[in-house]
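Participant: Any chance you can model this:
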Amino acid sequence: MINKNFFNKTKILDGGMGQELLANGLVGKGTLWSSTALLDEKYHDLVVNTHLSFINSGADVIVTNNFSSRRQRLKQNKVENKFDYLNIKAGELAVKAREKSKKNIYIAGCLPAQNDTYVSDLREMNVIKKDFADQANLIKPFVDFFYLDVISSGNEVEAALDITEKLNMPVLVGLHIKKNGKLPSGETVSEIVKKYKNNNWIGLIAACVSLEIVEKSCLEFKNLNIPYGFKANLWGVEEPLPVHAFNTAKFNEIGKNPNIRLGKRDDVTGKVFYNFAKKILDNGATILGGCCETKPDHIKEIAKLK
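Facilitator: The predicted model follows:
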């Protein structure tokens, strides 16, 4: 477990794990995306090496590769029976990468939106709580803190915090924010912080949002009295779509790479990402990282800001 003041000084998070796996040979199944690399043993070394590529680029924190190992996504792909195995394997492979690196880095346990990404989870609260709790309990032995990964509503924050408080684990809260400055639920970040912040919160970030949205969001974050920053995506669209909007592959079919529909910003080089991050850092942020389509080269550049 990390010190609750961990993010008071500048820290570097890793980049876009799922897209980096695809770029380096992973062939996804159905809508499993990055979790295909956990399901199929032949990709386990690729997961470790991808974690290592971010560590060696200067990341202080890597995130477990279980973003798509949420129960609902596994049900869609007829592999719900692998729920325990996939989440535990994600933790094991992250630990293996840390051990191989021989570096003093930290592991964040991914607790993603439990239904779909970029949209609010409208299911009953008890169902959402159970999904978060089941995943959190499996990855806890491997991680230093939890990362609420691309969360789209206050209900989901509340449901996730129910288990993280019971486990007394520090939490980095990653909120997905739209162009209008609000979560997909219509809530503002300030409303979320006021209603749900507790002593286990160690930081707040804009999660899987465009550079432009990060810049606007951090103006609000700055006044919330909590370490803040971003995990920015480099999709070609400013507001990404949930998976069912672009990938209808069945569980036994090859899944579509999200960038076929969402595109990617090849104009954002490592140097451009550095300049962007420096601007956010100079305005008070301390948590710098990348999400989908950010590569080790992007992380290597922003690591120079520590």
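
Participant: Give the next helix or strand downstream of the lowest-mean-pLDDT helix or strand in the chain.
Facilitator: Ranked by mean pLDDT, DSSP states H and E, the weakest helix or strand in the chain is helix 259-262, scoring a mean of 92. Once the chain leaves helix 259-262, the next helix or strand it forms, by DSSP states H and E, is helix 270-282.

Participant: ok, and for that next one, which residues are buried?
Facilitator: Residues of helix 270-282 classed as buried by neighbour count (16 or more other CB atoms under 10 Å): 270, 273, 274, 276, 277, 280, 281. Every residue, glycine included, has its C-beta placed from N, CA and C.

Participant: which residues are contacting that helix?
Facilitator: 10, 211, 214-215, 218, 229-230, 232, 268, 288, 290, 294, 297-298, 300-302, 304-305 (CB atoms under 8 Å, 6 or more residues apart in numbering).

Participant: avg pLDDT for that helix?
Facilitator: The pLDDT scores in helix 270-282 average 98.

Participant: gap between the least confident helix or strand of the chain and the chain center?
Facilitator: Centroid separation between helix 259-262 and its chain, computed with CA atoms, centre = their mean, to the nearest Å, is 19 Å.

Participant: cool, and stretch 234-247?
Facilitator: That offset, for stretch 234-247, works out to 15 Å (CA atoms, centre = their mean).

Participant: Begin at 699 from now on, thanks
Facilitator: Got it, first residue is 699 now, which makes that one stretch 932-945.

Participant: So residue 815 sits against residue 848, correct?
Facilitator: Yes - judged on CB atoms under 8 Å, residue 815 makes contact with residue 848 at a distance of 5.7 Å.

Participant: Please identify every residue contacting each of the two.
Facilitator: With CB under 8 Å, 6+ apart, residue 815 and residue 848 have common neighbours 874, 906.

Participant: Tell me who's in contact with the spatially closest residue to residue 1004 that is not a sequence neighbour.
Facilitator: Spatial nearest neighbour of residue 1004, chain neighbours left out: residue 708 (5.2 Å); criterion: CB to CB, 6 or more residues apart in numbering. Counting by CB under 8 Å, 6+ apart, residue 708 touches 979, 984, 985, 986, 1003, 1004.

Participant: Weed out the non-buried ones from the contacts of helix 968-980.
Facilitator: Here, 16+ other CB under 10 Å leaves 708, 909, 912-913, 916, 927-928, 930, 966, 986, 988, 992, 996, 998-1000 buried among the contacts of helix 968-980.
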